[in-house]
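S.K.: Curious how this folds, go ahead:
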Amino acid sequence: MPNLTKLSQQEIEGLLCALDQHDLVCISDASGRITEINELFAKKCGYSREELLGQDFRLLHSGQHPKAFFDELWQTINAGKIWKGDLCNRHKNGSLYWIAATIAPVLDEEGRLSRFIMLNNDLADVKNMEQRLQFSELKFRTLSETMPAVLFVHRGGKIRYANPATLSLSGFTNEELLGMEYWEIAHPDSQELIRSRGAARMRGEQVPSHYEFRFNTKDGREAWVDITAVKMDYEGTPAVLCTCIDITERKATEIKLRNAHVQLEQLVERRTAQLTKANATLEEDMHHRMQTEAELLKRNTELMALNKRLHETQNQLMQTERLASIGQLAAGVAHEINNPIGYVYSNMGSLERYLNEVFLILDAYVAAEPGLAAGTPAHAKLQKLKSELDLNFLREDIPVLMGESREGLARVRKIVQDLKDFSRVDSSQEWQWVDLHKGLDSTLNVVNNEIKYKADVVKEYGEIPQIECLPSELNQVFMNLLVNAVHAIADNQHGRITLRTGSENGTVWVEVIDTGSGIAPENLQRIFEPFFTTKPVGKGTGLGLSLSYGIVQKHGGRIEVSSELGKGTAFRVMLPVQHESNNSGNGQP
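M.R.: Here you go, the predicted structure:
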C-alpha cells in the first residue's frame, strides 16, 4: 500500500476506484464526517450513498463498544498512526453487523491531518464461526459437567481438563488434577498400564480402548472404573478423551462372590465329611432300613389299592355326570318334540272331523242328488247341509292343515336326527373325519331349550378343514362349554354367546365366548380340577370341565381360557387336524 500520509486527492480517488470492487471503503474529514464511500460500504450499512455523505461516523455506532474503545481509536489516528480492530455497527434496519476495520490518517502537504481512510472487511462468516465454536465448546462443557461419569482430557502427558465427576470420585481439586501426569489419575498398581497404553495410543498404535483399572483417590479409599479412551482434537491439537464409569460397587460384589465361592467350597468339604460319617451310620442301620422298606412296600400296596378304588369312583362320577348331561339332553329333546307333536295331533283331529263331514256331504250328494227334483224337501235338506258345513272353507283349510302337519313332522325328524348326530348312537367309537360345524350345529339344537331364553347365539364360523376325531366325545365337550356359558349369565339378564372357528398351522380351533359374570382370578387355575365348581350346590358336580379337558387331551389338543369379572369368559379348544396315531396313514379324505 502506498504512503497514505502523502496521497493527493487524485491518488486517493484512484485507490478508491481500485478498492471499490473488493472492500468496504469510507473516507472522512479530520472531524469524522463522511466525505466519500464506495457502493459496497453503502450496501453493507443499508443506507444510500446520498444518505451517508456528510454524516458523522457516529450514525453507524451500535452502542456495543464502551467509551474507552473509541477513546483509544481516536488517540491512535490523531497521532497519525494506523488503527486496526473489529467494529460492531448498526444497520439502517436496526440489526448489528461486524467488520474488520483499518483506519489510516491522511496528511496534507504541510503535514496536517486532513482526512481518514477506512478499509473494512465483512466479518459475518468469521463471527458466525466463532459463535458456533463457542456454542460447541459450551455444549461440551455442559454435557461433561452434568454427566455422572468421570471425564478427563490429557495431552502431552498432562491432564488438560477434568469434569466435576472426576473431582468428586478422586477427591482432588481441579488445580491439583491439572498439575498431574495423566497416569497419576490411576492407583500406583495401575499407573504403568495407563501410561503405556496412553503413549501407544498417541503414537497411533492399536491398543484396547475399553478396560478396567483402579482409580487414584486422595483419601486412599477403594475405587474402580471402567474406562473408554479415544483420540480427539482439543483446542486445536491431538489429545485423548477418557470417559470412566464407577464400578466400585460391582468390584465389591465380585470380591464378595469370590469369598462366597471359597466359603462354599469349604462348606462342601465339611458336608462331604459329614456325609461320609452319615454313610457309615447308614451301613450300621441297614436292617432298620430293610424294615422301613418293607413297611413302605406294604403302604404302597395299600395306596395302589386305594388309588384303584378312587379311579373307579372317579369313572363312576364321570359316568354320573355324563348320564346327568344325557338326562338334561333328553328333557330338552322331549320339550322340543312335544311342541310339534302337539299341534300335529291337534291338526290331525281337526282334519279327521273335516274329512268325515266332507265325506258325509259327498255321500249324501252321491246317494240323493240323482233322484231329487229341485224344490223337493230332500233337495232343500241337501242344500241346507251344504251351507252349514261350508264345503268351500273345508277345501281351503285342509291343504293348510296338511302343510302344518308336514312341517311339524319335519321338525320332529330334524330334532331326532340332530340327537343322533350329537350322540352318534348309530356309530362305533372309532376315529372319523368330520366337519366340526355340523357337530356344533347339532349340539346347539340339542341345548337350544336351555339357551334360547337366556342368550342370543352368534356364529362366526371360519374356513376349517375336516378333522379326525371321536365326534360324540367332542360334541360332549361343546355341550359342556355351551351349558357353562348359559349358566354364567345371570338369571335376570339376557346375554350373548359367540361361537367362533378358524384354523392355522395344521390346527383347528373353536371358541365359546359368553358375556356372563366371569371367573375370579384365584379360581381360573382350578376350573379343570375334578370336583371343583363355582356353581351353587346342587347345580353341578365339578366334572364337566375336567371331563372335557381329558377328551381334548386324548385328541392331542388343548383348552385355553381367559376371563374378566363382570365381562365374560372365553374358552378356546385347539385340535390337530389329524390324529397322532394316523399321521403316517392315508390322510384326510
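S.K.: Can you check what pLDDT the model gives residue 485?
M.R.: With respect to pLDDT, residue 485 has a value of 91.
S.K.: all strands of the stretch 451-589 of the chain, in order?
M.R.: 455-460, 467-469, 495-504, 507-514, 558-564, 568-576 (DSSP state E, counting those that start in this stretch).
S.K.: next one: the fifth one to chain centre, how far?
M.R.: Put plainly, it is strand 558-564. Relative to the mean C-alpha coordinate of its chain, strand 558-564 is positioned 21 Å out (C-alpha atoms, centre = their mean, to the nearest Å).
S.K.: go on, the shortest one?
M.R.: For strand 467-469, the gap between its own C-alpha mean and the chain's C-alpha mean amounts to 37 Å (C-alpha atoms, centre = their mean).
S.K.: And the third one, by the same measure?
M.R.: Going by C-alpha atoms, centre = their mean, the spacing between the C-alpha centre of strand 495-504 and its chain's C-alpha centre is 26 Å.
S.K.: for the last one, same thing?
M.R.: In terms of C-alpha atoms, centre = their mean, the centre of strand 568-576 is set 24 Å apart from its chain centre.
S.K.: average pLDDT for stretch 290-309?
M.R.: For stretch 290-309, the mean confidence score works out to 84.
S.K.: Now do it: everything it contacts.
M.R.: Stretch 290-309 is contacted by no other residue when judged by C-beta atoms under 8 Å, 6 or more residues apart in numbering. C-betas here are computed from N, CA, C, even on glycine.
S.K.: can you pull out the helices in the stretch 251-400 of the chain?
M.R.: 286-368, 377-389, 391-423 (DSSP state H, counting those that start in this stretch).
S.K.: looking at those, which has the lowest confidence?
M.R.: helix 391-423 - the lowest mean pLDDT of the helices of the stretch 251-400 of the chain, at a mean of 65.
S.K.: any idea which helix or strand comes after that one?
M.R.: strand 432-434 (DSSP states H and E).
S.K.: Which elements pack onto that following strand?
M.R.: strand 467-469 (3 or more C-beta pairs under 8 Å, 6 or more residues apart in numbering; DSSP states H and E).
S.K.: now with 10 Å?
M.R.: Packing partners of strand 432-434 (3 or more C-beta pairs under 10 Å, 6 or more residues apart in numbering; DSSP states H and E): strand 467-469, helix 471-487.
S.K.: what angle separates the next helix-or-strand element following it from strand 568-576?
M.R.: Stepping forward along the backbone from strand 432-434, the first helix or strand reached (DSSP H and E) is helix 436-446. In terms of direction (axes from the mean of the first three to the mean of the last three C-alpha atoms, to 10 degrees), helix 436-446 departs from strand 568-576 by 140 degrees.
S.K.: Report the buried residues of helix 436-446.
M.R.: 436-437, 439-446 (16 or more other C-beta atoms under 10 Å).
S.K.: Out of the residues you listed, flag the one nearest to residue 281.
M.R.: Nearest to residue 281 out of the buried residues of helix 436-446 is residue 436 (C-beta to C-beta; 64.0 Å).
S.K.: how close does that closest one sit to residue 294?
M.R.: According to C-beta to C-beta, to the nearest Å, residue 436 stands 54 Å off from residue 294.
S.K.: got it, and residue 149?
M.R.: Note on residue 149: its distance to residue 294, by C-beta to C-beta, is 70 Å.
S.K.: With neighbour numbers in mind, choose between these two.
M.R.: Neighbour totals were compared for residue 149 and residue 294, and residue 149 leads with 16 against 10 (other C-beta atoms under 10 Å).
S.K.: Tell me who's in contact with that one.
M.R.: 163, 165-166, 169, 225-226, 228, 243-246 (C-beta atoms under 10 Å, 6 or more residues apart in numbering).
S.K.: I'd like the residues you listed laid out as CSV, including pLDDT and neighbour count.
M.R.: Conversion of those to CSV gives the following (pLDDT from 0 to 100; neighbours: other C-beta atoms under 10 Å):
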residue, pLDDT, neighbour count
163, 87, 22
165, 87, 21
166, 86, 23
169, 86, 21
225, 89, 24
226, 88, 17
228, 87, 14
243, 87, 19
244, 89, 23
245, 87, 15
246, 87, 18
